[in-house]
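Chemist: Kindly generate the corresponding structure for this input.
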Amino acid sequence: MKPLSKIVIFLLLISALFVQSPAQFANKPQSFVIANDWRFKTTGIYYSDKYLMGVLKAIDKAGKGDFMISCGDVSPVDASRELISEILGKDYLWYTAPGNHDQEDTTYMRLFRNMNPDGGTLPHIVRKGPKGCEETTYAIEIGDCHIAFLNIYFDGKSDIGTDGDIIPELLEWLEEDLKNNRKPFTFVVAHEPIIAIPDMDNGRIRHQGDSLDKYYRNALRFQKILKKYSVTAYLNGHTHCTSITKINGVWQIDAGHAYGVDDPYPEFLFEELSECVAKGSTSGKSAEQMIADYFYQDSYSVKKVLFYTNLTEGVSYKKIADEPALKLTIRFYNDFKGNLQLRQKYIDTFNQNLDVNQSTFLKIFLEKPAVKIEVYRNDSKGGPYRLMHTEFLK
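Modeler: Sure, this is the predicted structure:
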């Protein structure tokens with residue numbers, strides 16, 4: 001299928017979805033789900049319960065609420081929308097802000113814009129974004145809830161112009177939006193935290209100093225506006241670390257990631273490679289050929305395993321070239337298969353070098369006197385999700 005045809009079908013899908021009326025949400029307690037940062041874990045080798053599919057099935061089991069919010073890094077959004085429709089229903093409402101990885105690819109951002117052509121296509125929109133990011137910044141109202149979605153990569157002209165900042169033009173738009181809001185529950189959504197907070201379970205911290213706090217003056221103005229207009233909470237992703245924290249009077253909820261399997265770990269990688277090699281034996285392909293096929297589908301993730309097991313001898317997974325990394329992958333497979341001592345060494349080394357974060361989704365209940373948050377997490381290895389924490393915004 002030609003790319004243009006795919007985009008047309010995606011537009012038709014978006015315009016055909018969502019026939020809910022505001023009355024649907026009246027006279028009943030509202031709840032919604034937050035899940036984000038699953039990046040391309042939707043199709044191909046990732047069309048599996050180990051990844052986003054498993055997250056969505058767990059959401060369905062826990063109760064999918066009235067709609068879902070994502071805080072970015074969910075590209076390609078057409079594939080994400082398709083999988084959400086498959087598991088949670090084609091009329092299930094889904095809204096998202098763009099993340100840093102979404103805006104890195106022009107095709108991904110074109111699909112993002114096509115979710116909301118002209119800024120008013122998605123249901124329940126009450127305000128378009130400023131000129132230059134009309135489609136990717138917007139505000140919605142559903143029942144008792146007002147939610148503003150911000151594209152923090154907007155530079156005043158282009159919706160992919162910054163590395164994550166709340167510029168004055170965006171602040172002005174947000175303040176005007178919040179000033180006119182009369183709903184009792186108000187949320188603001190963007191990709192990056194005001195300041196990175198350690199994960200609530202393992203204490204891991206990522207993106208400290210290079211989130212919104214990189215431009216601290218704008219971040220401070222942003223925080224003051226949230227406080228001035230009594231925003232219920234600021235919702236974000238980016239760090240892959242889950243936290244619920246009150247920062248100078250403003251609740252910040254970091255929803256972590258919904259990868260399913262956070263990073264491939266040694267046992268998982270070996271299992272995947274073994275399955276590929278077994279398939280190759282029936283098709284006449286060698287083990288090395290099948291390992292190469294698997295490697296090139298997601299070399300980045302494989303390189304991370306090699307790096308954290310010390311096989312790259314200190315060369316970062318972001319810098320090691322494909323050819324030497326592939327040779328190390330074949331070595332890893334053979335060692336893991338034939339040497340129990342090396343197998344255990346790889347597992348122990350990986351666990352010592354990396355604290356993986358559990359895949360997570362949150363369920364928000366709009367209750368008085370305090371909003372309730374349920375935190376569901378897996379074991380970071382694709383296992384089942386369970387309710388881990390219940391918190392209240394007081």
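
Chemist: residue boundaries of the helices in this protein?
Modeler: Secondary structure of the chain, counting by DSSP state H: helices at 3-16, 52-62, 77-88, 106-115, 168-179, 216-228, 266-283, 287-297, 299-308, 322-338, 340-353.

Chemist: Looking at those helices, spot the one closest to Lys394.
Modeler: helix 216-228 (15.6 Å; Cβ to Cβ). C-beta: built from backbone N, CA, C; applies to glycine.

Chemist: the domain parsing of this structure - what is it?
Modeler: Listed domain ranges for the chain are 28-261+356-393, 266-353 (source: automatic domain parsing).

Chemist: Make TSV out of these and add mean pLDDT and mean neighbour count.
Modeler: Putting these into TSV (pLDDT from 0 to 100; neighbours: other Cβ atoms under 10 Å) gives the following:
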stretch	mean pLDDT	mean neighbour count
domain 28-261+356-393	95	20
domain 266-353	94	16
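
Chemist: Just the pLDDT at Ser21, thanks.
Modeler: pLDDT for Ser21: 52.

Chemist: Please name whichever of the helices of the chain is nearest to Ser158.
Modeler: helix 106-115 (10.0 Å).

Chemist: Double-check Asp379 against Val356; I have them as touching.
Modeler: No. Asp379 is not in contact with Val356 according to Cβ atoms under 8 Å; the separation is 9.5 Å.

Chemist: would you turn the helices of the chain into CSV with distance to Ser158?
Modeler: Converted to CSV, the helices of the chain look like this (distance: least, Cβ to Cβ, whole Å):
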stretch, distance to Ser158
helix 3-16, 20
helix 52-62, 29
helix 77-88, 19
helix 106-115, 10
helix 168-179, 12
helix 216-228, 17
helix 266-283, 39
helix 287-297, 32
helix 299-308, 27
helix 322-338, 32
helix 340-353, 39
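
Chemist: between those, which gets nearest to Thr360?
Modeler: Per Cβ to Cβ, nearest to Thr360 of the helices of the chain: helix 52-62, 8.6 Å.

Chemist: For the closest one, C-alpha coordinates in CSV please.
Modeler: The C-alpha coordinates for helix 52-62 follow below in CSV (Å, rounded to 0.1, in the frame of the first residue of the first chain):
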residue,chain,number,x,y,z
LEU,A,52,2.0,-2.9,24.3
MET,A,53,-0.7,-5.5,23.4
GLY,A,54,-0.2,-7.0,26.9
VAL,A,55,-0.5,-3.5,28.5
LEU,A,56,-3.8,-2.8,26.7
LYS,A,57,-5.2,-6.2,27.7
ALA,A,58,-4.3,-5.4,31.3
ILE,A,59,-6.0,-2.0,31.0
ASP,A,60,-9.1,-3.7,29.7
LYS,A,61,-9.1,-6.1,32.6
ALA,A,62,-8.5,-3.4,35.2
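
Chemist: what packs against that helix?
Modeler: Helix 52-62 is packed against helix 77-88, strand 360-366, strand 371-377, with contacts defined by 3 or more Cβ pairs under 8 Å, 6 or more residues apart in numbering; DSSP states H and E.

Chemist: Show which residue of the protein lies farthest from the average position.
Modeler: Computed with Cα atoms, centre = their mean, the residue of the chain farthest from its C-alpha average is Gly284, at 38.6 Å.

Chemist: quick one: the residue nearest to Ala292 when sequence neighbours are not counted from Phe295, how far?
Modeler: Among residues not flanking Ala292 along the chain, Leu326 sits closest, at 6.0 Å (Cβ to Cβ, 6 or more residues apart in numbering). Leu326 sits 5 Å away from Phe295, going by Cβ to Cβ, to the nearest Å.

Chemist: Repeat that for Ser48.
Modeler: From Ser48 to Phe295 the distance is 18 Å (Cβ to Cβ).

Chemist: Ok, Asp102 next?
Modeler: For Asp102 relative to Phe295 (Cβ to Cβ), the value is 25 Å.

Chemist: ok, back up a step: just so I know, which of the helices and strands packed on helix 52-62 lies nearest Cys276?
Modeler: The nearest among the helices and strands packed on helix 52-62, by Cβ to Cβ, is helix 77-88 at 22.3 Å.

Chemist: relative to helix 52-62, how tilted is that closest one?
Modeler: 40 degrees (axes from the mean of the first three to the mean of the last three Cα atoms, to 10 degrees).

Chemist: Off-centre distance for helix 77-88?
Modeler: 14 Å (Cα atoms, centre = their mean, to the nearest Å).

Chemist: other SSEs contacting it?
Modeler: helix 3-16, helix 52-62, strand 93-96, helix 106-115.

Chemist: Could you rerun that using 10 Å?
Modeler: helix 3-16, helix 52-62, strand 67-70, strand 93-96, helix 106-115 (3 or more Cβ pairs under 10 Å, 6 or more residues apart in numbering; DSSP states H and E).

Chemist: separation between Pro123 and Met388?
Modeler: Taken as Cβ to Cβ, the span from Pro123 to Met388 is 32 Å.

Chemist: quick one, what contacts the residue nearest to Ala292?
Modeler: Listed by Cβ atoms under 10 Å, 6 or more residues apart in numbering, the contact set of Leu326 reads Glu288, Ile291, Ala292, Phe295, Tyr296, Ser299, Val302, Lys303, Leu306.

Chemist: quick one: contacts for the fifth one?
Modeler: Right, the one you point to is Tyr296. Val302, Asp322, Leu326.

Chemist: With distance to Ser274 added, can I get the residues you listed in JSON lines?
Modeler: Converted to JSON lines, these look like this (distance: Cβ to Cβ, whole Å):
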{"residue": "Val302", "distance to Ser274": "14"}
{"residue": "Asp322", "distance to Ser274": "22"}
{"residue": "Leu326", "distance to Ser274": "17"}
